[in-house]
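**Student:** based on what follows, work out the 3D shape:
(2 chains)
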Protein chains: 2
Amino acid sequence: MSTDLMPNRFTPGEAQISTRESELIARRDSVLGASYRLQYRRPVHFVRGEGMWLFDPDGRPYLDFYNNVPSLGHCHPEINAAMAEQASRISANTRYLEPRLVDYAERLVATFPQELNRVVFTCTGSESNDLALRIARLASGSEGVIVSSHAYHGTSAATAMVSPNLGDAIKLSPAVRMVSLHGPSGIPERQAAAFFEEQVRSAIADLNRRGIGIAALLIDTIFSSDGVWVDPPGFIAGGVKAVQEAGGLVIADEVQPGFGRTGTHMWGFGRHEVVPDLVTLGKPMGNGFPIGAVVGRKAPMDRFGATARYSNTFGGNTVGIAAADAVLTILHRDRIPEHAHAMGERLKMGLEHLAKLHGGIRGIRNAGLFFGIDIGLDGTREASRRAMALEIVNLVRENGILISTTGANEDTLKVRPPLICQAEHVDRFLEAMESAIRKVVA
Amino acid sequence: MSTDLMPNRFTPGEAQISTRESELIARRDSVLGASYRLQYRRPVHFVRGEGMWLFDPDGRPYLDFYNNVPSLGHCHPEINAAMAEQASRISANTRYLEPRLVDYAERLVATFPQELNRVVFTCTGSESNDLALRIARLASGSEGVIVSSHAYHGTSAATAMVSPNLGDAIKLSPAVRMVSLHGPSGIPERQAAAFFEEQVRSAIADLNRRGIGIAALLIDTIFSSDGVWVDPPGFIAGGVKAVQEAGGLVIADEVQPGFGRTGTHMWGFGRHEVVPDLVTLGKPMGNGFPIGAVVGRKAPMDRFGATARYSNTFGGNTVGIAAADAVLTILHRDRIPEHAHAMGERLKMGLEHLAKLHGGIRGIRNAGLFFGIDIGLDGTREASRRAMALEIVNLVRENGILISTTGANEDTLKVRPPLICQAEHVDRFLEAMESAIRKVVA
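**Tutor:** Residues are numbered from 1 along each chain as shown, chains lettered A, B, ... in the order given. Predicted coordinates:
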């Protein structure tokens, strides 16, 4: 893979920044080292957050159209109050009886199809995917894992080994197989389902042929790091069925699409009308508090629990549960998924209009408020499309709006506003996009 | 391993519990499933925490002599205020500039020997150990890991595979080698250092012979799940040197001993007068907020960071940093390590007195406020020693104090009070211990 793995980042000397910021960056580099990278040519620094907005030290507002952790808005007073109240009373671990843990677990599981009736709590999406792989491997007795070509499923050793998106420096597991998606392969949408199923079946056959066997199909239900591939709804169904028939488990990675982002459904797999065996949760679950979970079918979950004694010190602690409980209450009460759907429609129409007016937008894909916007003029090469996408991200940032890039070629804009965004925010984003596109296509 | 892996747990029908609790447990089992186990014959349920104390729904106080997450006490008002204040202002991720992240990283690193000058933040101790293994394997180019016979290093796939304490149901990595400790092997303390070094050298030789090579020696600096083996200080030094000379990295797992628990030192490895290559942090770091870290030498940390693009969504988020920052401030300001040393001395003297008076205590080991107390009468068999330890834990629980068991045979009491405990709490615990021991030896 020759693509820069994180093109939208700060590189010293590339852009003018203040002395104060340069000094802070030098100290940062000295103590945090090479693992830590800053987004944008000119890094951002925020001292206050409120709903859709972040404010820099000079009081300049930035509209957040990127972060999917504070999915109900930055510094949500109701969620913060729930956390503070719980923290002042008791923060119990799961080896003590705690009604709130059980209440929330029941409420969470009630949002899933009835076959998925067990939950285990973790602290991060990476821990959720790592645990789901352990469960699938124990239940299937096999090691093989099928993922998409540019999948990213986490930072732990086991999840990094099934995350081709991390690039050549990270060794892939000998037991992982990658399947392509129709869009990047140039396959038309009407053949998407057959194409996906055929590749999954062929991966299963190869894993069996080598004695590795199939443990899991692990997929984003919105293929995010592949470039936000979402349509047609249901195109994954044949592949899902093939894996389940072969004795493997289907793991729906809902760390990004989950909790209403897809608009019409609480969970991305619902949009595809499939029922996975395990579902992994993370990012927006606590609107910022580190909490994740694996929800799944009784048989594999209990088989694992009975033999493997999973115990996560912080997973399911009462303060995290209080945050997640407040999030779920607000999602239901304020009909957030429906709202995300409506705002997603408005944003899509606006983008389609822009594409017609100015060119420079080659494709628009979304489910609810998760958008992939392919950038580039017809006939331009990969490198120039990537440069154009990066230019737009940075122009928009200078104009006070946060987005970034994704996809195999990093020439797709990744746009994921908090789900509480309103028409005025959508319109403000569209204005900034129009201005940026006019500049890059000029 | 025939030992029950978690003897101190609730088993339905074993003890009388209220209808309300039975109903809650039934609901809990139904939604959380087999992974979740409750401690004590009669599970505990707390509705309020304050300092050293937890209170059940009837207002009955329990003295916490077990939990090492709320190391500065339950529901600490100062730490909670720091979290709430930060959460109300901004919760930024590490891809944005944030002075507080850099300030805390510098303050944290300043508590380490100067060679250890890089830090990467995680959310849990498991994530810290998982990341440290990835760093060590990349830096060494080898796969082999040496751990103690009953080590426990985490819940992720990679850490579980080097955690023999999890029992036979979890497959160990083909690249892991276990070394015994002198105490459980019947080796006298004066031969402890030579015994440890010899075993480490022999494990390295075996790993090399098989072409696996040595990536890391991964050890608790208080060998906790092995039964709290701490003395003599420095006994690990020869093994540490052997690994470093062979090109492997030494990972000090400070998830349990770190942040002042050992009394005289902030970090357990300091007590052994060695400098590891990587140090992993977790549990008490945020006094309850899920935050962990890997601190280490520049070369392996930057090599990993430059190639592997580690990005942890919640790791280093500003609210977790605010909690950790408050913890570090209190540790320094209130001279918590010195206080833990003094309280540890008082507790040790009291236990030695009890042992002389009543028998039933075969050994007492501690560093600061981390105690292992071996239970059993001379000549009793393993099963009866285990039963006796379990009986003491449950008698003490009925008397309103929380402790549990550890060690290969689970006949060692694990006692880890929050570090703020005072003489009155130590004395209260000793009274309860005396009463329990008199009953079990009678």
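**Student:** before we move on, what's the pLDDT of residue A:379?
**Tutor:** Residue A:379 is assigned a predicted lDDT (pLDDT) of 80.
**Student:** what do you get for residue A:225?
**Tutor:** Residue A:225 carries a pLDDT value of 94.
**Student:** go on, residue A:16?
**Tutor:** 89.
**Student:** list the contacts of the residue positioned nearest the centre of chain A.
**Tutor:** Geometric centre of chain A, nearest residue: residue A:256, 2.6 Å, by C-alpha atoms, centre = their mean. The contact partners of residue A:256, by C-beta atoms under 8 Å, 6 or more residues apart in numbering or on different chains, come to A:68, A:220, A:222, A:224, A:283, A:370, A:416. No exception for glycine: its C-beta is placed from N, CA and C like everyone else's.
**Student:** one more time with 6 Å
**Tutor:** Taking C-beta atoms under 6 Å, 6 or more residues apart in numbering or on different chains, we find residue A:256 in contact with residue A:224.
**Student:** ditto for residue A:265
**Tutor:** Contact partners of residue A:265, counting by C-beta under 6 Å, 6+ apart, are residue A:271.
**Student:** how much space between residue A:289 and residue A:370?
**Tutor:** 22 Å (C-beta to C-beta, to the nearest Å).
**Student:** the residue nearest to the centre of chain A in helix, strand or coil?
**Tutor:** Assigned with DSSP: H, G, I helix; E, B strand; the rest coil, residue A:256 falls in the coil class.
**Student:** check the gap between it and chain B for me.
**Tutor:** Remark: distance between residue A:256 and chain B (C-beta to the nearest C-beta, to the nearest Å) = 10 Å.
**Student:** then residue A:229?
**Tutor:** The gap separating residue A:229 from chain B is 22 Å, by C-beta to the nearest C-beta.
**Student:** correct me, but that residue touches residue A:223?
**Tutor:** Yes. Applying C-beta atoms under 6 Å, one finds residue A:229 in contact with residue A:223, separated by 4.0 Å.
**Student:** quick one: which of the two has more around it?
**Tutor:** Higher neighbour count among residue A:229 and residue A:223: residue A:223, with 27 against 22, using other C-beta atoms under 10 Å in any protein chain shown.
**Student:** correct me, but that one touches residue A:230?
**Tutor:** No. In this structure, residue A:223 is not within contact of residue A:230 by C-beta under 6 Å, at 7.4 Å.
**Student:** tell me where the model's unsure across chain A.
**Tutor:** Within chain A, the stretches with pLDDT under 70 are A:1-4.
**Student:** tell me the domain ranges of it?
**Tutor:** What automatic domain parsing lists as the domains of chain A is A:44-75+A:336-441, A:77-333.
**Student:** spell out which parts of the stretch 251-400 of chain A neighbour chain B.
**Tutor:** A:288, A:290, A:301-302, A:305-310, A:312, A:314 (C-beta under 6 Å from any C-beta of the partner chain).
**Student:** of the residues you listed, buried ones?
**Tutor:** Buried by 16 or more other C-beta atoms under 10 Å in any protein chain shown: A:288, A:290, A:301-302, A:305, A:307-310, A:312, A:314, out of these.
**Student:** residues in contact with residue A:262?
**Tutor:** A:268, A:271, A:367-368.
**Student:** kindly report the same for residue A:225.
**Tutor:** The contact partners of residue A:225, taken as C-beta under 6 Å, 6+ apart, are A:150, A:152, A:165, A:406.
**Student:** where do the helices sit along chain A?
**Tutor:** A:19-32, A:77-89, A:99-109, A:125-140, A:157-160, A:182-185, A:192-209, A:237-245, A:268-271, A:298-308, A:318-333, A:336-358, A:382-398, A:423-441 (DSSP state H).
**Student:** show me what the second one is packed against.
**Tutor:** Counting by 3 or more C-beta pairs under 6 Å, 6 or more residues apart in numbering or on different chains; DSSP states H and E, the packing neighbours recorded for helix A:77-89 are helix A:318-333, helix B:77-89.
**Student:** mind putting the buried ones among the residues of the stretch 251-400 of chain A next to chain B into JSON lines with distance to residue B:264?
**Tutor:** What follows is those, written out as JSON lines (distance: C-beta to C-beta, whole Å):
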{"residue": "A:288", "distance to residue B:264": "37"}
{"residue": "A:290", "distance to residue B:264": "32"}
{"residue": "A:301", "distance to residue B:264": "44"}
{"residue": "A:302", "distance to residue B:264": "45"}
{"residue": "A:305", "distance to residue B:264": "40"}
{"residue": "A:307", "distance to residue B:264": "41"}
{"residue": "A:308", "distance to residue B:264": "37"}
{"residue": "A:309", "distance to residue B:264": "34"}
{"residue": "A:310", "distance to residue B:264": "35"}
{"residue": "A:312", "distance to residue B:264": "31"}
{"residue": "A:314", "distance to residue B:264": "28"}
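**Student:** farthest pair within those residues?
**Tutor:** Across those, the longest distance by C-beta to C-beta is 34.2 Å; it joins A:288 and A:307.
**Student:** which neighbours do residue A:229 and residue A:223 have in common?
**Tutor:** Counting by C-beta under 6 Å, 6+ apart, the contacts common to residue A:229 and residue A:223 are residue A:181.
**Student:** ok so, going back, which of the helices of chain A is buried the deepest?
**Tutor:** helix A:125-140 (a mean of 28; mean count of other C-beta atoms under 10 Å in any protein chain shown).
**Student:** and that helix, what does it pack onto?
**Tutor:** Packing contacts for helix A:125-140, counted by 3+ C-beta pairs under 6 Å, 6+ apart, involve helix A:157-160, strand A:214-220, strand A:278-281, strand A:292-297, helix A:298-308.
**Student:** distance check, residue A:356 against chain B.
**Tutor:** Per C-beta to the nearest C-beta, residue A:356 is found 34 Å from chain B.
**Student:** of the domains of chain A, which approaches residue B:178 most closely?
**Tutor:** Across the domains of chain A, the minimum distance to residue B:178, taken as C-beta to C-beta, is reached by domain A:77-333, at 18.6 Å.
**Student:** relative to the whole chain's centre, how far out is that closest one?
**Tutor:** Taking C-alpha atoms, centre = their mean, to the nearest Å, the mean C-alpha location of domain A:77-333 is offset from the chain mean by 11 Å.
**Student:** span of it from start to end?
**Tutor:** Chord length of domain A:77-333, first to last residue, is 16 Å (C-alpha to C-alpha, to the nearest Å).
**Student:** likewise for stretch A:181-188?
**Tutor:** One end of stretch A:181-188 sits 11 Å from the other (C-alpha to C-alpha).
**Student:** please apply the same query to stretch A:370-387.
**Tutor:** 22 Å.
**Student:** ok, now which ones touch the residue nearest to residue A:82 when sequence neighbours are not counted?
**Tutor:** Closest residue to residue A:82 apart from its sequence neighbours, by C-beta to C-beta, 6 or more residues apart in numbering or on different chains: residue A:326 at 4.0 Å. When contacts are counted by C-beta under 6 Å, 6+ apart, residue A:326 touches A:78-79, A:82.
**Student:** with residue A:128 instead?
**Tutor:** Residue A:128 neighbours (C-beta under 6 Å, 6+ apart): A:122, A:280-282, A:292, A:294.
**Student:** which one of those is nearest to chain B?
**Tutor:** The closest of these to chain B turns out to be residue A:282 (C-beta to the nearest C-beta; 7.4 Å).
**Student:** need phi/psi at the nearest residue to residue A:407 once chain neighbours are set aside.
**Tutor:** Closest residue to residue A:407 apart from its sequence neighbours, by C-beta to C-beta, 6+ apart: residue A:227 at 3.2 Å. Phi and psi for residue A:227, reported as degrees, to the nearest 10, are phi 120, psi 20.
**Student:** nothing else from me, thank you.
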